[in-house]
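Visitor: sequence below, structure please.
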Amino acid sequence: MHGRLPNSIKLIAGNSHPELCDAIAARLGIPLARVGAFQYTNQETAVTIGESVRDEDVYIIQTGTGYDNLNDFVMELLVIINGCRIASARRITVVIPTFPYARQDRKDKSRAPITAKLMANLLQCAGCDHVITLDLHASQIQGFFRVPVDNLYAEPSVLRYITDTFRNEINELIIVSPDAGGAKRVAAIADKLDVPFALIHKERQKANEVSRMVLVGDVTDKICVLVDDIADTCGTLCKAADVLLSNGAQKVVCVVSHGIFSGNAITNLNNSKLDKVVCTNSLPIKDKLEQCSKLEMIDISPTLAEAIRRLHNGESVSYLFNHVPE
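Guide: Reported below is the predicted structural model:
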């Protein structure tokens, strides 16, 4: 970090992830703006902006929480954006670590909507000028926008975690993708660590249900690091751990960017053969950490804070694609 930011920036926290907002504000050395978002008794979202944002550079932090009231937080974000636009903000940037509806990014069956594109349209219609997000499920989602999108990566933080944790066992490591779609991500991490990689081919019958898994690669006597972008019900990760251990792996550690952990996820993890599950705090997982001793957290707030600082000062954001801010 290079000192404090000038006062021409306003940092606004949505209600989806207060801990992350506080961490980013502390890192930047500026207070959160006095903005209140609440619901009337009839469930309508209302926003009160308690200070001037005229001609200010506004950053709104709101993540797409993966359960309970996701749609409420989406609506809250849209209302805050529009409130700032009507109040004559100079530039409105939304910081959405976990992009909502990112998995509905293509028309994969008849009459299927492309809801990620709808989300992009809604954000732009509300008045958003720029988007900062983290590990998009499909990087093509950037093309759904007519405004700039900075898709940051958790990869540098993940690499640092792996090298710090397995410093003395690096020769025993193998990076594994739980599906063919993540092969590119896993190959990139394996290349940077100079270790082998494997992948698991899964045949799905319906959403969130895996029918059969086939391992491609040799994991005998290896410490397997499963890498994925989203952990939802964790059914895939738990079955992948079973497959790897039945093929002679020493132990299985899982690293994910976005820990949604919906439904029976925590029960599945507690009953699984996974040694450890590590995820970023792109979503609020404080309560999950208390329920599952296998869970660990990587703090992503320094990367998001540095992206805000660089964007505000007109500096390159691409430095963050390969480095973790000190």
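Visitor: alpha carbons only: can I get the host helix or strand of L159 in PDB?
Guide: Per DSSP states H and E: L159 is located in helix 155-165. Provided in PDB are the C-alpha atoms of helix 155-165 (Å, rounded to 0.1, in the frame of the first residue of the first chain):
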ATOM      1  CA  GLU A 155      -4.600 -17.600  -7.800                       C
ATOM      2  CA  PRO A 156      -1.700 -15.600  -6.300                       C
ATOM      3  CA  SER A 157      -3.200 -16.000  -2.800                       C
ATOM      4  CA  VAL A 158      -3.800 -19.700  -3.400                       C
ATOM      5  CA  LEU A 159      -0.200 -20.200  -4.600                       C
ATOM      6  CA  ARG A 160       1.100 -18.500  -1.500                       C
ATOM      7  CA  TYR A 161      -1.100 -20.600   0.700                       C
ATOM      8  CA  ILE A 162       0.100 -23.900  -1.000                       C
ATOM      9  CA  THR A 163       3.800 -23.000  -0.900                       C
ATOM     10  CA  ASP A 164       3.600 -21.900   2.700                       C
ATOM     11  CA  THR A 165       1.600 -24.900   3.900                       C
END
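Visitor: can I assume T133 sits in a helix?
Guide: No. T133 is assigned strand when assessed by DSSP: H, G, I helix; E, B strand; the rest coil, not a helix.
Visitor: my read: it touches P97, true?
Guide: Yes. The pair T133 and P97 qualifies as a contact (CB atoms under 8 Å) at a distance of 6.7 Å. From N, CA and C alone the C-beta is placed, and that goes for glycine too.
Visitor: more crowded one of those two?
Guide: P97 (28 against 23; other CB atoms under 10 Å).
Visitor: for the residue nearest to N271 when sequence neighbours are not counted, give me the pLDDT.
Guide: In space, and not counting its chain neighbours, N271 is closest to C238: 7.8 Å by CB to CB, 6 or more residues apart in numbering. Looking at C238, its pLDDT reads 92.
Visitor: partner residues bridging T133?
Guide: Bridge pairing for T133 (DSSP bridges) gives the partners I96, N151.
Visitor: which residues touch it?
Guide: Neighbour list for T133: 95-99, 149-152 [criterion: CB atoms under 8 Å, 6 or more residues apart in numbering].
Visitor: cool, and K251?
Guide: Residues near K251 by CB under 8 Å, 6+ apart: 223-224, 245, 275.
Visitor: redo those residues as a markdown table? Include secondary structure and neighbour count.
Guide: As requested, these are exported to a markdown table (DSSP: H, G, I helix; E, B strand; the rest coil; neighbours: other CB atoms under 10 Å):
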| residue | secondary structure | neighbour count |
| --- | --- | --- |
| I223 | strand | 20 |
| C224 | strand | 28 |
| L245 | helix | 17 |
| D275 | coil | 15 |
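Visitor: all helices for the stretch 1-150 of the chain, in order.
Guide: For the stretch 1-150 of the chain, the helices defined by DSSP state H, counting those that start in this stretch occupy 18-28, 70-86, 115-126.
Visitor: who's in contact with the shortest one?
Guide: This means helix 18-28. Helix 18-28 is contacted from outside by 1, 4-5, 11, 13-14, 31-32, 61, 63, 95, 97, 281-282, 284, 286, 299-302, 304-306, 308-309, using CB under 8 Å, 6+ apart.
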